[in-house]
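# Got a predicted structure here, sequence first:
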Amino acid sequence: MGSRRGRKKPRGEPNKGALVVEGWTILAHPLFLDAMEGLISVVDREQTSRPDALPSGNAKLLGHLLDLAFVKIPRDPGNAAYRHGGTLADRRYWFRGKTGGGRYRLFYRYDSRARIIIYAWVNDEDSLRTYGTASAKDQRTRLKTLKSGAERKKR
């Protein structure tokens with residue numbers, strides 16, 4: 001038997017119904033989906049109550065997050081601009097896109113071989129970052145949540 005090195009693994013059937021952008025399959029963790037659904041609900045209520053008003057801050061944020069998640073990050077998910085500065089210690093496989101003056105962060109992982117991006121979470125009003133603060137408690141808490149969910153699936 002020959003070595004497997006250098007041979008490409010046969011590709012299975014693509015994820016049916018999955019969103020593919022720039023050749024990347026986009027997946028989302030429930031934390032990310034909950035945050036986006038909450039923001040969409042708020043924007044819908046605002047637009048229903050004031051249809052003639054200019055776009056609210058929430059509507060602008062939603063637009064920026066959608067642009068980040070489905071346009072900018074899929075162009076080059078490994079871009080150095082998306083690396084965090086060591087805030088999460090040895091978890092360098094986590095990346096984050098920033099918007100809203102750097103206060104809102106979309107955390108994700110990607111696999112270049114499988115061409116998959118997984119959006120994990122977006123920080124909310126209670127966990128906004130301000131430049132100069134050293135605390136990363138919120139990110140560590142969410143990482144524990146993600147890890148515990150992954151461990152439950154293994155059982």
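Thanks, I have the structure now.
# so residue 28 touches residue 118, yeah?
Yes - counting by C-beta atoms under 8 Å, residue 28 touches residue 118, with 7.1 Å between them. Placement of C-beta: from N, CA and C, glycine included.
# got the buried residues for the top helix by length along the chain?
The helix that spans the most residues within the chain, counting by DSSP state H, is helix 30-49. Across helix 30-49, burial judged by 16 or more other C-beta atoms under 10 Å covers 31, 32, 35, 36, 39, 43, 46.
# ok but residue 70 is inside a strand, no?
No - assigned with DSSP: H, G, I helix; E, B strand; the rest coil, residue 70 falls outside any strand and is helix.
# Distance check, it against residue 51.
26 Å (C-beta to C-beta, to the nearest Å).
# neighbour-wise, which of the two wins?
residue 70 (16 against 7; other C-beta atoms under 10 Å).
# Skipping adjacent residues, who's closest to the more buried one in space?
Excluding the flanking residues, the one nearest residue 70 by C-beta to C-beta, 6 or more residues apart in numbering is residue 21, at 5.5 Å.
# Mind listing the residues bridging to that neighbour?
residue 24 (DSSP bridges).
# residues touching it, list them.
Residue 21 makes contact with 70, 71, 74 under the criterion C-beta atoms under 8 Å, 6 or more residues apart in numbering.
# Can you check my assumption that residue 53 lies in a strand?
No - judged by three-state DSSP, residue 53 forms no part of a strand; its state is coil.
# measure it to residue 63 for me?
From residue 53 to residue 63 the distance is 15 Å (C-beta to C-beta).
# Tell me what residue 95 is bridged to.
Bridge pairing for residue 95 - DSSP bridges - gives residue 83, residue 108.
# What separation is there between it and residue 77?
Taken as C-beta to C-beta, the span from residue 95 to residue 77 is 7 Å.
# anything in contact with each of these two?
In contact with both residue 95 and residue 77: 108, 110, using C-beta under 8 Å, 6+ apart.
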